[in-house]
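Chemist: Please work out how this folds:
(4 chains)
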There are 4 protein chains.
Amino acid sequence: MANSKYEYVKDFEVNDNILPHTWIVIRIDGRAFTKFSQAHQFQKPNDLQALLLMNASAVAVVEDLADVVFAYGVSDEYSFVLRKTSTLYQRRASKLISVICSLFASSYVMNWGKYFPETKLQYAPAFDGRAVCYPSESILRDYLSWRQVDCHINNQYNTCFWNLVGSGKSTAESQNMLKGTTADVKNNLLFDTFKINYNDLPQIFRKGSIVYRKKVEKVVKVEDGQEIKRLRSCAVVEHEDIIRDNFWTQYPYILGGK
Amino acid sequence: MANSKYEYVKDFEVNDNILPHTWIVIRIDGRAFTKFSQAHQFQKPNDLQALLLMNASAVAVVEDLADVVFAYGVSDEYSFVLRKTSTLYQRRASKLISVICSLFASSYVMNWGKYFPETKLQYAPAFDGRAVCYPSESILRDYLSWRQVDCHINNQYNTCFWNLVGSGKSTAESQNMLKGTTADVKNNLLFDTFKINYNDLPQIFRKGSIVYRKKVEKVVKVEDGQEIKRLRSCAVVEHEDIIRDNFWTQYPYILGGK
Amino acid sequence: MANSKYEYVKDFEVNDNILPHTWIVIRIDGRAFTKFSQAHQFQKPNDLQALLLMNASAVAVVEDLADVVFAYGVSDEYSFVLRKTSTLYQRRASKLISVICSLFASSYVMNWGKYFPETKLQYAPAFDGRAVCYPSESILRDYLSWRQVDCHINNQYNTCFWNLVGSGKSTAESQNMLKGTTADVKNNLLFDTFKINYNDLPQIFRKGSIVYRKKVEKVVKVEDGQEIKRLRSCAVVEHEDIIRDNFWTQYPYILGGK
Amino acid sequence: MANSKYEYVKDFEVNDNILPHTWIVIRIDGRAFTKFSQAHQFQKPNDLQALLLMNASAVAVVEDLADVVFAYGVSDEYSFVLRKTSTLYQRRASKLISVICSLFASSYVMNWGKYFPETKLQYAPAFDGRAVCYPSESILRDYLSWRQVDCHINNQYNTCFWNLVGSGKSTAESQNMLKGTTADVKNNLLFDTFKINYNDLPQIFRKGSIVYRKKVEKVVKVEDGQEIKRLRSCAVVEHEDIIRDNFWTQYPYILGGK
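Modeler: Numbering: from 1, shown residues only, chains lettered A, B, ... in the order given. Modelled structure (predicted):
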């Protein structure tokens, strides 16, 4: 039985190749993670274990896909940057989105027990994704800055909000108190009322997480009781400022390399 | 710190909404599953446990997403059909693809131990996906027929091939013997040489698997030692012929319903 | 000098093929025709010569492109319907739009003198175009109904408006008088104040224009002083109601033909 | 009669906005111009009047659309470059293509009589168009180089071919003689057989035509019998090399300006 009679249905497939020579960003978001975080009793405003699990899943993606040169994560979202000249999956948006989302999701489930040894995974998590492309390094940098500024704004607000709620205010009262307040007012509220110096909060909460490849010393074998170390390129997780130039000047190969 | 300075980067996002009033098919494929099936020693030509795991993951998708009215699976691929009038995620291709792929992948990992209790999952599986839309029920039916014919052709070839290999032939010899042979020749080879009547092979291998919603009797409670049953709609897995009209005539609500 | 060094730039071209087996509509609109109609002193609310020129240009498009099975025009806009199975220019949206728009524009200029023998064409007119596709005949019919209803609504309003202005009212006064009025009120205003029975206005103003192919008797030669006539298929212009079924029942080949 | 019942058909329209911050090129081509040039007896290999008419039409486009900063024409094709930051028609591909194609076509017809005073325009010409975008100035320059190299290759071949045909060879013989020949061989053929020094041919044939805005002295009024001149920006046509850097270094504002 030949299949030629039905093969015309392939003509309905569409090309979704992304413009060549542009930076591709695949951004993924936890689907309905408000409910997911409640079902698994994530701490508010930030659950460190949940963030570390997100980071471990992102590392799995970066280690698997050589063309992903950088990733930035905050809360239940992660952005993966593919190098400008990548031809992975012929730059087809649907392939890139689906492989990254599904690899992230299956890594998330596989790593769950490591970060939540006491908590049973209640149901299968999902992540939605999208592809965006940026024609220049400068606009790509603006994209990453946009996400890191968002991280800061949300974290500052949420830190105030959950401390107010923790101090006995209702959610409505807490929202009202914060409505329209400037960053300064929020910082003062944290310091005066809750004795929290915002800048002393962990970097991972204030800056989010970055993943990129870096040459680090690794023990490659042990000989006569001595560790033999070698420089090896591997994916690392850090919590640096990526808005200013410093980071990018220090690691020019991340965006500059072939 | 307002974020408005960077928000222009959102202008680079593109719309990928799928044409309204058309049938949407999201087809997903295991990424590099030749390697994955070897790493986990899947049986050839068909590994029943691996197929059941695929089906369980597909059921998870159908149960989660009400707009998925039908699914068809064969080997490491699955096609999910969304009803014509669906507005799920505003019919955005990237959202539909990513949510279905990631939900499928995380369900696959969560269910792994149930179907492979003795085999450790070696690494995170991924699935690539694509969206296609069909303007009429008739063309959608042709799409599904295309996949089921493909299932049959591949299964017949693979059954011959792996039996030849199992009988001591090299892969090259086996390929040569099958090259250009008709269905009849393959059936005779199976019967004469290996005493296999092709039509006696399990339906799941020859027809693939379908998933759809059906009213089935379910025990809803036990009263005075008696089971109380009610008709409940739930996702079932079957292995029917979906090329001829019979199945569709029997369940007109699958494609015909709102 | 080979050109291969630069040919990579072709990789930036994108596919814009329209989904197969759907009805394609190319709708074109006069660019800045408010200014154009003033520059050429078109009569208000309707300039018959300008409409006849639009129709002549549409006929040129229909006669040139066999796959255009129907066209509907109103004011400075025209919609061209391509049959569902058309593969003209591989259904590439940019090709279809550009060829139809430019053919319409050059026909418009070529025919100008015939309809405006006393008026010099002041500058080159332009038309913008778009492509939309519809998955079923029923939705295509709704599209055409949408345009014809629009024709009626605009014509009724404009007939009132320009009669008020002609009677000495300012444009602001006239707009105010019509604001929020129902069709009945407008019809009564026309009848009571201006002695105009709306239904007596020419069909071309109230219904717009349709173009389609029809077998009509044509004189093919003259023999011994006698005209020999034959049925010939040619593009005709009419002003029928295309919202109700009558027209489509009478000419089933228009949308039904191969 | 409200139109809301049918307005849902607008949901089938698609966005075709071109990626921001990229160079947009709209390239148009004469539709079936082999036939058109025969019908109007254009000279071979190049008809100067036909090229001047193409240029006049391109000037009309450049003068009308401020965002078109450069245009390059050869034979019956023209490429229009929109500045990187253009938001004309919200960068919608269909609008840009259709307006440029139709404006070009209607200008072509309006200007016909000026360049072909003795030849009647036989039928309405059409142009097909496409939109391509380039993420950097360097790639845009490669695009323009690609077209100018093509101009040279085609012109050299056609000059040989039509001289051979003019000398009495059949078209098949002429094609055979030129098959696979290098540029040198073609130049020698022209010189030895036809006494033509290729580099002495008019620039417009060898380089094509460029259109851009330039400040030129224009007579703005005559006072007391004296012409008063002022620098005015207007579209000029030239035939420069645009592959090397010279031209672009001399006019940095063309691609560099806002």
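Chemist: Pass me the low-pLDDT residue ranges in the stretch 151-258 of chain A, would you?
Modeler: Scanning the stretch 151-258 of chain A for pLDDT under 70 picks out A:257-258.
Chemist: can you give me the helices in it?
Modeler: A:171-178, A:183-194, A:203-207, A:246-250, A:253-256 (DSSP state H, counting those that start in this stretch).
Chemist: Most tightly packed of those?
Modeler: helix A:203-207 (a mean of 19; mean count of other Cβ atoms under 10 Å in any protein chain shown). C-betas here are computed from N, CA, C, even on glycine.
Chemist: What does the pLDDT read for the residue of the stretch 1-150 of chain A found nearest chain D?
Modeler: Closest approach between the stretch 1-150 of chain A and chain D, counting by Cβ to the nearest Cβ: A:Pro135, at 3.6 Å. Looking at A:Pro135, its pLDDT is 97.
Chemist: Correct me if wrong: it contacts A:Ile18.
Modeler: No. A:Pro135 is beyond contact range of A:Ile18, at 11.2 Å (criterion: Cβ atoms under 8 Å).
Chemist: how about the helices in the stretch 1-150 of chain A?
Modeler: A:33-39, A:48-64, A:93-115, A:137-166.
Chemist: Might you enumerate the residues of the stretch 51-200 of chain A proximal to chain D?
Modeler: A:133, A:135-136, A:139 (Cβ under 8 Å from any Cβ of the partner chain).
Chemist: please redo it, this time with the cut-off set to 10 Å
Modeler: Listed as neighbours of chain D in the stretch 51-200 of chain A under the rule Cβ under 10 Å from any Cβ of the partner chain: A:84, A:132-136, A:138-139.
Chemist: returning to that earlier point: quick one: which of A:Pro135 and A:Ile18 has more around it?
Modeler: Shown here are A:Pro135 and A:Ile18; by other Cβ atoms under 10 Å in any protein chain shown, A:Pro135 has more neighbours (24 against 20).
Chemist: Overlap in contacts, A:Pro135 and A:Ile18.
Modeler: Common neighbours of A:Pro135 and A:Ile18, using Cβ atoms under 10 Å, 6 or more residues apart in numbering or on different chains, are D:Leu19.
Chemist: Comparing the helices of the stretch 1-150 of chain A, which comes out most buried?
Modeler: helix A:93-115 comes out most buried of the helices of the stretch 1-150 of chain A by mean count of other Cβ under 10 Å, with a mean of 25.
Chemist: on contacts alone, who are the packing partners of that one?
Modeler: Under the contact criterion of 3 or more Cβ pairs under 10 Å, 6 or more residues apart in numbering or on different chains; DSSP states H and E, helix A:93-115 touches strand A:23-30, helix A:48-64, strand A:68-74, strand A:77-82, strand A:127-134, strand B:23-30, helix B:93-115, strand B:127-134.
Chemist: now with 7 Å?
Modeler: Applying 3 or more Cβ pairs under 7 Å, 6 or more residues apart in numbering or on different chains; DSSP states H and E, we find helix A:93-115 packed against strand A:23-30, helix A:48-64, strand A:127-134, helix B:93-115, strand B:127-134.
Chemist: quick one: the first one to chain centroid distance?
Modeler: Using Cα atoms, centre = their mean, to the nearest Å, the mean C-alpha position of strand A:23-30 is found 9 Å from that of the whole chain.
Chemist: In a markdown table: the helices of the stretch 1-150 of chain A, plus distance to C:Lys169.
Modeler: Shown next, in a markdown table, are those (distance: least, Cβ to Cβ, whole Å):
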| stretch | distance to C:Lys169 |
| --- | --- |
| helix A:33-39 | 58 |
| helix A:48-64 | 67 |
| helix A:93-115 | 56 |
| helix A:137-166 | 53 |
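Chemist: can you tell which of the ones you listed is closest to C:Lys186?
Modeler: helix A:93-115 (50.1 Å; Cβ to Cβ).
Chemist: now the closest one, how far from the chain's geometric center?
Modeler: Per Cα atoms, centre = their mean, the centroid offset for helix A:93-115 relative to its chain is 12 Å.
Chemist: same deal with stretch A:190-208?
Modeler: 21 Å.
Chemist: ok, now stretch A:105-124?
Modeler: 17 Å.
Chemist: How about stretch A:232-247?
Modeler: 13 Å.
Chemist: Likewise for stretch A:166-173?
Modeler: On Cα atoms, centre = their mean, the centre of stretch A:166-173 falls 30 Å from that of its chain.
Chemist: returning to what we had before: Serialize the helices and strands packed on helix A:93-115 to CSV and add fields for distance to C:Trp162.
Modeler: Shown next, in CSV, are these (distance: least, Cβ to Cβ, whole Å):
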stretch, distance to C:Trp162
strand A:23-30, 53
helix A:48-64, 65
strand A:127-134, 49
helix B:93-115, 47
strand B:127-134, 45
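Chemist: wait, which of the residues of the stretch 51-200 of chain A next to chain D is closest to D:Trp162?
Modeler: Ranked by distance to D:Trp162 (Cβ to Cβ), these are led by A:Pro135 at 42.9 Å.
Chemist: isn't the closest one right up against D:Pro135?
Modeler: Yes. A:Pro135 is in contact with D:Pro135 according to Cβ atoms under 7 Å; the separation is 3.6 Å.
Chemist: Can you tell me which residues in the stretch 101-250 of chain A are near chain B?
Modeler: Within the stretch 101-250 of chain A, the positions near chain B by Cβ under 7 Å from any Cβ of the partner chain are A:101-110, A:121, A:124-134, A:139, A:142-143, A:145-146, A:149-150, A:152-153, A:183.
Chemist: Now A:Ala66, what are its backbone angles?
Modeler: Per-residue torsions, A:Ala66: phi -60, psi -30 (degrees, to the nearest 10).
Chemist: dump the residue contacts of A:Ile139.
Modeler: B:9, D:21 (Cβ atoms under 7 Å, 6 or more residues apart in numbering or on different chains).
Chemist: For chain A, which residues are neighbours of chain C?
Modeler: Counting by Cβ under 7 Å from any Cβ, chain A sits next to chain C at A:11-12, A:15, A:19-20.
Chemist: Just the buried residues of the residues you listed.
Modeler: A:12, A:19-20 (16 or more other Cβ atoms under 10 Å in any protein chain shown).
Chemist: ok, which pair from the residues of the stretch 51-200 of chain A next to chain D is furthest apart?
Modeler: A:Val132 and A:Ser138 (15.2 Å).
Chemist: Just the pLDDT for the residue lying closest to A:Tyr89 once chain neighbours are set aside.
Modeler: Nearest residue to A:Tyr89, sequence neighbours excluded (Cβ to Cβ, 6 or more residues apart in numbering or on different chains): A:Lys95, at 3.7 Å. Looking at A:Lys95, its pLDDT is 98.
Chemist: any idea how far the nearest residue to A:Ile243 once chain neighbours are set aside lies from A:Phe205?
Modeler: Nearest non-adjacent residue to A:Ile243, counting by Cβ to Cβ, 6+ apart: A:Ser145, 4.4 Å away. Counting by Cβ to Cβ, to the nearest Å, the gap between A:Ser145 and A:Phe205 amounts to 18 Å.
Chemist: Give me the sheet partners of the strand ranked longest in chain A and which way each runs.
Modeler: Looking across chain A with DSSP state E, the single longest strand is strand A:209-223. Applying DSSP bridges, strand A:209-223 is found paired with strand A:68-74 (antiparallel), strand A:226-238 (antiparallel).
Chemist: With mean neighbour count and distance to A:Thr249 added, can I get the ones you listed in TSV?
Modeler: Written out in TSV, the entries for the strands paired with strand A:209-223 read as follows (neighbours: other Cβ atoms under 10 Å in any protein chain shown; distance: least, Cβ to Cβ, whole Å):
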stretch	mean neighbour count	distance to A:Thr249
strand A:68-74	23	15
strand A:226-238	12	15
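Chemist: Export the ones you listed as a markdown table, with columns for distance to A:Cys160.
Modeler: As requested, the strands paired with strand A:209-223 are exported to a markdown table (distance: least, Cβ to Cβ, whole Å):
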| stretch | distance to A:Cys160 |
| --- | --- |
| strand A:68-74 | 17 |
| strand A:226-238 | 26 |
